[in-house]
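> would you be able to build a 3D model of this:
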Amino acid sequence: MLTLRQIEVARAVMVTGTIAGAARLLNVSAPGISRLMKYTETSLGFRLFDRRAGRLVPSEQARHVFEQINAVFDKVEDLRFVLERTQGGAGQDLLIGSVPSISHVMVPRAIERVRAAYPHLVIDINILKLEEAIDYLLLGKGEVVAMSYRFDHPALTFEPLARGGLFCIVPLDHPLASRSSISADEIVRHPLIGIDPNDPYGRIMSDIFRERGLSYGITIRARFGSTVCSLVRAGLGIAVIDQFTIAYDAFPGIRVLPIDEAPVFETWIAMKAGTALSMFAASFVRDLRQEMARPGQVSLPGRTARHTVT
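Residues are numbered from 1 along each chain as shown. Have a look, this model is predicted:
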């Protein structure tokens with residue numbers, strides 16, 4: 001029997017017509033090619049090549065052998081092509097979901113890295129709320145969902161994603177815009193824009209006030225953090241928002257103030273229990289986790305460096 005290496009070397013000699021040419025083609029030494037060919041012919045019991053006019057040509061005895069060698073080599077090349085396409089994501093899908101607060105800035109940054117690694121991968125991104133995320137995973141519509149909160153469910157598994165901070169955002173022309181920080185007690189003295197505190201995402205923002213016995217009276221209620229930021233930019237009030245929504249100056253025209261109590265929250269990756277992630281989903285989770293942990297996401301007034309949550 002011939003090994004794949006022997007087939008590769010024999011074909012290289014056949015294509016180039018010389019031992020030296022085969023060595024250059026395969027980027028190996030000529031003596032190594034010569035030794036392997038002698039060993040191969042000895043093992044087979046007949047010559048593979050005859051020398052004619054200074055070139056090596058397939059012997060008459062080996063003519064049918066080389067027909068099969070070419071067929072095998074073509075199949076190996078086909079296999080290599082399929083493997084390369086699969087590794088690049090060709091013919092493959094990545095189905096992922098995310099809550100709005102993570103999808104606005106962080107998911108695109110992670111997807112940029114996934115696309116660089118798998119240029120042919122088909123990527124499908126769904127923006128989901130809590131009730132939608134459960135069905136999305138259990139019905140097999142996607143592999144993972146990036147969440148800003150976790151909950152108990154027997155058919156779902158949650159893994160830590162990243163820790164984030166909360167900030168106060170105000171319009172640029174607001175009296176508070178000149179401040180370097182603000183306390184929770186001061187925040188509630190102003191008209192507030194926010195998410196319903198009964199919503200799991202809204203509860204992240206309201207907890208800082210509830211824990212201190214402060215009234216969190218929202219004058220304008222919105223469903224998404226991006227809408228909250230736009231309302232603040234329009235001068236309709238101030239708000240508490242998570243760092244991932246406003247990362248990398250996603251909303252010009254607002255001032256970001258650290259909150260004195262420095263509240264933090266956890267984010268999660270949710271997936272169907274008992275299932276293994278595809279290499280593409282695992283890559284997305286890894287890239288998203290790294291992007292969300294990257295320091296310097298939030299610009300703060302009067303500081304040359306950006307804020308980092310640890």
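
> what helix or strand is the closest residue to Asp196 other than its chain neighbours on?
When the adjacent residues along the chain are set aside, Asp196 lies closest to Gly202, with 4.7 Å between them (Cβ to Cβ, 6 or more residues apart in numbering). Bear in mind the C-beta positions are built from the backbone N, C-alpha and C, glycine included. Here Gly202, judged by DSSP states H and E, is contained in helix 200-210.

> then that helix to CSV, C-alphas only?
Only the C-alpha atoms of helix 200-210 are listed here, as CSV (Å, rounded to 0.1, in the frame of the first residue of the first chain):
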residue,chain,number,x,y,z
PRO,A,200,-35.7,42.8,34.3
TYR,A,201,-33.5,45.2,32.4
GLY,A,202,-35.2,48.2,34.0
ARG,A,203,-34.7,46.6,37.4
ILE,A,204,-30.9,46.9,36.9
MET,A,205,-31.2,50.6,36.8
SER,A,206,-33.9,51.0,39.6
ASP,A,207,-32.2,48.8,42.2
ILE,A,208,-29.7,51.5,43.1
PHE,A,209,-32.6,53.7,44.2
ARG,A,210,-34.7,50.9,45.8
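
> list the buried residues for it?
Within helix 200-210, the residues scored as buried using 16 or more other Cβ atoms under 10 Å are 200-202, 204-209.

> contact partners for the residue nearest to Asp196?
Gly202 sits next to 194-196 when contact means Cβ atoms under 8 Å, 6 or more residues apart in numbering.

> off-centre distance for stretch 222-240?
28 Å (Cα atoms, centre = their mean, to the nearest Å).

> what comes up buried for that stretch?
Within stretch 222-240, the residues that count as buried by 16+ other Cβ under 10 Å are 222, 224-226, 228-233, 237-240.

> most widely separated two among those residues?
Taking Cβ to Cβ as the measure, these span a maximum distance of 17.2 Å, between Phe224 and Ile238.

> helix or strand right after the lowest-mean-pLDDT helix or strand in the chain?
Sorting the helices and strands of the chain by mean pLDDT, DSSP states H and E puts helix 63-87 at the bottom, at a mean of 74. Proceeding N to C from helix 63-87, the next assigned helix or strand is strand 93-98, under DSSP H and E.

> quick one, phi psi at the residue of the chain most remote from its centre?
Distance from the centre of the chain peaks at Ala53, with 57.9 Å (Cα atoms, centre = their mean). Taking degrees, to the nearest 10, you get phi 50, psi 40 for the backbone angles of Ala53.

> what's the answer for Leu236, then?
Phi and psi for Leu236, reported as degrees, to the nearest 10, are phi -100, psi 0.

> strands along the stretch 151-300 of the chain, start to end?
156-171, 192-195, 218-222, 239-242, 254-258, 264-272 (DSSP state E, counting those that start in this stretch).

> these: which one's closest to Gly21?
So among these, strand 264-272 is nearest, using Cβ to Cβ, at 53.1 Å.

> can you name every helix or strand that that closest one contacts?
On a contact count with 3 or more Cβ pairs under 8 Å, 6 or more residues apart in numbering; DSSP states H and E, strand 264-272 meets helix 130-138, strand 144-147, strand 156-171, helix 279-293.

> least confident of the ones you listed, on average?
Ranked by mean pLDDT, those end with helix 130-138 at the bottom, a mean of 88.

> now that one - C-alpha only, PDB.
Output of helix 130-138 as PDB, limited to C-alpha atoms (Å, rounded to 0.1, in the frame of the first residue of the first chain):
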ATOM      1  CA  LEU A 130     -36.700  38.100  27.900                       C
ATOM      2  CA  GLU A 131     -39.900  36.300  26.800                       C
ATOM      3  CA  GLU A 132     -38.600  36.000  23.300                       C
ATOM      4  CA  ALA A 133     -35.200  34.700  24.300                       C
ATOM      5  CA  ILE A 134     -36.700  31.600  26.000                       C
ATOM      6  CA  ASP A 135     -38.600  30.400  22.900                       C
ATOM      7  CA  TYR A 136     -35.600  31.400  20.700                       C
ATOM      8  CA  LEU A 137     -33.300  28.900  22.500                       C
ATOM      9  CA  LEU A 138     -35.800  26.100  23.300                       C
END
